[in-house]
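Asker: Model the structure of this input:
(2 chains)
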Amino acid sequence: MNKKIPNFVFTNQFGLLCLVVTFILIFSTVTDGFTSRFNIFALSRVVAIDIMIGLAMMVVILTGGLNLALGAIGVCAAMFGGWCMETMGIPVIPSIFLILGMGSFLGWVNGMITVKTGVHSFIVTLATMSIYFGLMTMLTEAEAFRRLPETFTEFGSMKLFKKYISPLLLLSLATCGALFYLFKYTDIGRKLIAAGANPDAAELSGISVNTMFIYCHVLSGFLAAMAAIMLTTRIGAAIPSMAGQLGMDWLLPAFLAPVIGGTLLSGGKLSVFGTMLGAVLVTLITNGLYLIDVGEFWIRFFLGIILLIAVLLDKTREFFTLKSVIVS
Amino acid sequence: MKFLFSMITSSAILMASGAFAGGHSPTKVALVPGGPHPYFAAWEKAGKDAVKDFGLGKADYKVPAEWDLSQQNELIESLVGKGYNAVLVFPGDAVGTNKILGELDDAGIPTAALAGCVEQPTKAKMCFGTDTGHSAYLGTKQLIKAMGGKGKIAHFTGFLVDPNTTLRIDAVEKAVAEAGGGVEIIQVIADIDAYEPADEKINAFMAAQGGEVDGIVTTAWVPAVVASQALTNMGDKRIKMVGIDHDEVVLKAIKEGFVHGTMLQNPYGQGYIGSYVMDKIRGGCSFKASAPWKTTAQTNQFIDSGTVFVDISDVDTYVDAMRGISLEILETFDGTYLDC
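Answerer: Numbering: from 1, shown residues only, chains lettered A, B, ... in the order given. So this is what the prediction gives:
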């Protein structure tokens, strides 16, 4: 009987997809304006950024670590980009590469400190979060870069598919596809997973675990910079407070998306599409609760509850992870 | 692939069932502050009164959970998705907020900056707020008068990143300079418009220099509350103080004689008149080319929402004072600013 049912039906991602569809149906029915073009466009833009933030955390969780400096890296990269474009007059495309380079570099610093000291990345990134943000504040004197080229900022306002969808969402989906390919079909991707799943075994089989961990942090910094670029195009300026104090406003979506999506907090198993669906689910719920007129302060409460449930499910999943696929 | 197919199908269903709210429906105003702060609480009643008095569809006060531009943007977008067709906003960022205001304008939704301005160029129809420098100047004048024209004063004020703070500091200095040398500013404490730093710094100041100071002027909400509490706790009626805004703690201290008076801003009027103006604009009115805009550091489309000094003689009727200012502005607003 089970042979006729596709394996996908038994995966965490299928459950998430069902939840997403269920919430879409519920909010479409009980709220005003959920299906309005304006709302769908706004949703597509928010979810695009949340997916990218979730992916940035996911690649570090893969190592069994955390990147609390995610928001700080994003803000630093965005501010650096603002300085490049506004102060130095560097054209948009080279500036984008410089922003991504800055994010990758800050991620590399996190990775180097983590592997060289042996201190858990939770502590390392807690420290670098303050260091990065503090340095950025000192260097910029907390002054925003508000006169960025229109060719850059207009990307965040562009509307595709009869003005329903932001191109930012396509960028996030493309990134998901690239990461899926990386982890599923490339040698380096398999090594990254192996290093996260069982560092000792990976080391014995000839994989340089430390190098793999550094790669994960570099990738995390790169993706955080991508998220920062998207957010900067969305608000039209590079602002020190764009991710909250110390960049901490990114932490909740950063944890929610991968953990709900099935990435194990203990490392070694990730789900790119799960992370994407996790971000979609969280954004949908947030948007729907806004529309239902649940008090704004309750939304944080609900997101906290969701994270707690997701972490409990994560513990349950650990028992079954050996039986499941490593990348999905 | 099935997953992708499902996602595409879901999106298609959403698109097919989409119906974008627009047209000339009754005006539904969203009043959105930058984050939680007691100053904005009066917007809630102002919105309700505007609905009642001007026949608006809605005028609801919606607070982002935190002082965060992204959260404010997300909240505004969801409100528009829900059918609100006019937005009054305290800018989460003087420039960053312009992006969403531009997008709302493109969607035919009028907006205005309330209680704080966005920098030009902007699609906001106006900036309607307190002339903070003028308010600080008048408050300091009242303080100097209460001190008998001589003595040492301390100035407690708001966030340094708030452009209003510089204006307030300058205005207090101007009023002191005009006192003719009898008055001296011995301390300016800024960046304390939050309870923890305000409590720490103001109480430390009072402990160290409370005996030397003769007057206190506060030009931000939280420092006014904390300074009023400090004077009340000390039981000190020697030090004269002029506060700002209408927190219950400040009003009680005025009644008990520990605080000389307070400079009321007009958040109620901002919400009330702002909602009215949004309805007018949706109804086809526009601002006159000859409108007597004031100019600030951020905009040249500023309208002063008014300020008034309240002391023990009229503290019980301060609501009337606020309403009085609002009605005064409202009576002449159409003729002065609008082309209908």
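
Asker: Kindly indicate whether A:Phe34 is helix, strand or coil.
Answerer: At A:Phe34 the chain is in coil, as set by DSSP: H, G, I helix; E, B strand; the rest coil.

Asker: is it true that it touches A:Leu291?
Answerer: Yes. The pair A:Phe34 and A:Leu291 qualifies as a contact (CB atoms under 8 Å) at a distance of 5.7 Å. For every residue, glycine as well, the C-beta is placed using N, CA and C.

Asker: okay, and the common contacts of these two?
Answerer: A:27, B:81 (CB atoms under 8 Å, 6 or more residues apart in numbering or on different chains).

Asker: Between the two, tell me which one has more neighbours.
Answerer: A count of neighbours by other CB atoms under 10 Å in any protein chain shown puts A:Phe34 above the other of A:Phe34 and A:Leu291, at 27 against 21.

Asker: check contacts around that one.
Answerer: The neighbours of A:Phe34, taking CB under 8 Å, 6+ apart as the test, are A:27-28, A:287-288, A:291, B:81.

Asker: Ok, A:Leu100 next?
Answerer: A:77, A:222, A:225-226, A:229.

Asker: go again using 6 Å as the cut-off
Answerer: Residues in contact with A:Leu100, defined by CB atoms under 6 Å, 6 or more residues apart in numbering or on different chains, are A:222, A:225.

Asker: same deal with the one 3 residues further on?
Answerer: Taking CB under 6 Å, 6+ apart, we find A:Gly103 in contact with A:73, A:77, A:221-222, A:224-225.

Asker: Can I get stretch A:91-108 as PDB, trimmed to CA atoms?
Answerer: Extracted in PDB, the C-alpha atoms of stretch A:91-108 (Å, rounded to 0.1, in the frame of the first residue of the first chain):
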ATOM      1  CA  PRO A  91      28.800  51.600  -9.300                       C
ATOM      2  CA  VAL A  92      26.000  49.300  -8.100                       C
ATOM      3  CA  ILE A  93      27.300  46.000  -9.500                       C
ATOM      4  CA  PRO A  94      30.800  46.200  -8.100                       C
ATOM      5  CA  SER A  95      29.300  47.500  -4.800                       C
ATOM      6  CA  ILE A  96      27.100  44.400  -4.600                       C
ATOM      7  CA  PHE A  97      30.100  42.200  -4.900                       C
ATOM      8  CA  LEU A  98      31.900  44.200  -2.200                       C
ATOM      9  CA  ILE A  99      28.900  43.800   0.100                       C
ATOM     10  CA  LEU A 100      28.900  40.100  -0.400                       C
ATOM     11  CA  GLY A 101      32.600  40.000   0.100                       C
ATOM     12  CA  MET A 102      32.300  41.900   3.400                       C
ATOM     13  CA  GLY A 103      29.600  39.500   4.600                       C
ATOM     14  CA  SER A 104      31.700  36.600   3.700                       C
ATOM     15  CA  PHE A 105      34.800  38.100   5.400                       C
ATOM     16  CA  LEU A 106      32.900  38.700   8.600                       C
ATOM     17  CA  GLY A 107      31.600  35.100   8.400                       C
ATOM     18  CA  TRP A 108      35.200  33.900   7.800                       C
END
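
Asker: mind listing what's buried in that stretch?
Answerer: Applying a neighbour-count criterion of 16 or more other CB atoms under 10 Å in any protein chain shown, one finds A:92, A:95-96, A:98-100, A:102-108 buried in stretch A:91-108.

Asker: Out of the helices and strands in chain B, which is least certain?
Answerer: For chain B, counting by mean pLDDT, DSSP states H and E, helix B:2-17 ranks last in confidence among helices and strands (a mean of 40).

Asker: After that one, heading C-terminal, what element do we hit next?
Answerer: Next along the chain after helix B:2-17, taking DSSP states H and E as the criterion, comes strand B:28-32.

Asker: is chain A contacted by that following strand?
Answerer: No. Applying CB under 6 Å from any CB of the partner chain, one finds strand B:28-32 separated from chain A by no less than 10.1 Å.

Asker: what mean pLDDT does that strand have?
Answerer: For strand B:28-32, mean pLDDT is 96.

Asker: Can you report phi and psi for residue 112?
Answerer: Looking at chain A here, since you left the chain open. For A:Met112, the backbone dihedrals (degrees, to the nearest 10) come out as phi -60, psi -50.

Asker: you looked at the wrong chain, it should be chain B
Answerer: According to degrees, to the nearest 10, B:Ala112 has phi -150, psi 150.

Asker: Name the nearest residue to A:Phe222, ignoring sequence neighbours.
Answerer: Excluding its sequence neighbours, the residue lying closest to A:Phe222 (CB to CB, 6 or more residues apart in numbering or on different chains) is A:Ser104, at 4.6 Å.

Asker: List the buried residues of stretch A:112-124.
Answerer: Under the neighbour-count criterion of 16+ other CB under 10 Å, stretch A:112-124 has A:112-115, A:121, A:124 buried.

Asker: from those residues, which ones fall inside helices?
Answerer: A:112-115, A:121, A:124 (DSSP state H).

Asker: With distance to B:Ser228 added, can I get these in TSV?
Answerer: Output for these, formatted as TSV (distance: CB to CB, whole Å):
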residue	distance to B:Ser228
A:Met112	52
A:Ile113	48
A:Thr114	50
A:Val115	55
A:Ser121	47
A:Val124	45
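
Asker: related to what we said a few turns ago, so which of the contacts of A:Gly103 is the most crowded?
Answerer: Within the contacts of A:Gly103, A:Ile73 tops the neighbour count with 37 neighbours, counted by other CB under 10 Å.

Asker: Dihedrals phi and psi, it?
Answerer: Torsion angles, degrees, to the nearest 10, at A:Ile73: phi -60, psi -40.

Asker: Was I right to think it contacts A:Ser220?
Answerer: No. Using CB atoms under 6 Å, A:Ile73 makes no contact with A:Ser220, being 7.9 Å away.

Asker: out of the contacts of A:Gly103, who's nearest A:Leu16?
Answerer: A:Leu16 lies nearest to A:Ala224 out of these, by CB to CB, at 23.4 Å.

Asker: what kind of secondary structure is the closest one in?
Answerer: Classified using three-state DSSP, A:Ala224 is helix.

Asker: Pretty sure it sits against A:Ile73.
Answerer: Yes. Applying CB under 6 Å, one finds A:Ala224 in contact with A:Ile73, separated by 4.4 Å.

Asker: The residue of the stretch 51-200 of chain B found nearest chain A: neighbour count?
Answerer: Across the stretch 51-200 of chain B, the shortest distance to chain A (CB to the nearest CB) belongs to B:Gly81, at 2.8 Å. As a burial measure, B:Gly81 scores 26 neighbours (other CB under 10 Å).

Asker: List phi and psi for it.
Answerer: Backbone geometry at B:Gly81, expressed as degrees, to the nearest 10, gives phi -60, psi -30.

Asker: Next one: it from A:Gly54, what distance?
Answerer: Distance, B:Gly81 to A:Gly54, using CB to CB, to the nearest Å: 23 Å.

Asker: go on, B:Thr262?
Answerer: Distance from B:Thr262 to A:Gly54, by CB to CB: 48 Å.

Asker: quick one, which of the two is more surrounded?
Answerer: A:Gly54 (36 against 28).

Asker: Pull the contacting residues for that one.
Answerer: Going by CB under 6 Å, 6+ apart, A:Gly54 touches A:257-258, A:275, A:279.

Asker: 7 Å instead?
Answerer: Listed by CB atoms under 7 Å, 6 or more residues apart in numbering or on different chains, the contact set of A:Gly54 reads A:253-254, A:257-258, A:275, A:278-279.

Asker: Just give the closest residue to the residue of chain A found nearest chain B, not the sequence neighbours.
Answerer: Residue nearest to chain B within chain A: A:Asn39 (2.8 Å; CB to the nearest CB). Distances taken as CB to CB, 6+ apart place B:Gly81 nearest to A:Asn39, at 2.8 Å, with adjacent residues excluded.

Asker: Can you show me the helices along the stretch 101-250 of chain A?
Answerer: Ranges of helices in the stretch 101-250 of chain A, per DSSP state H, counting those that start in this stretch, are A:121-140, A:150-153, A:167-185, A:187-197, A:199-204, A:209-235.
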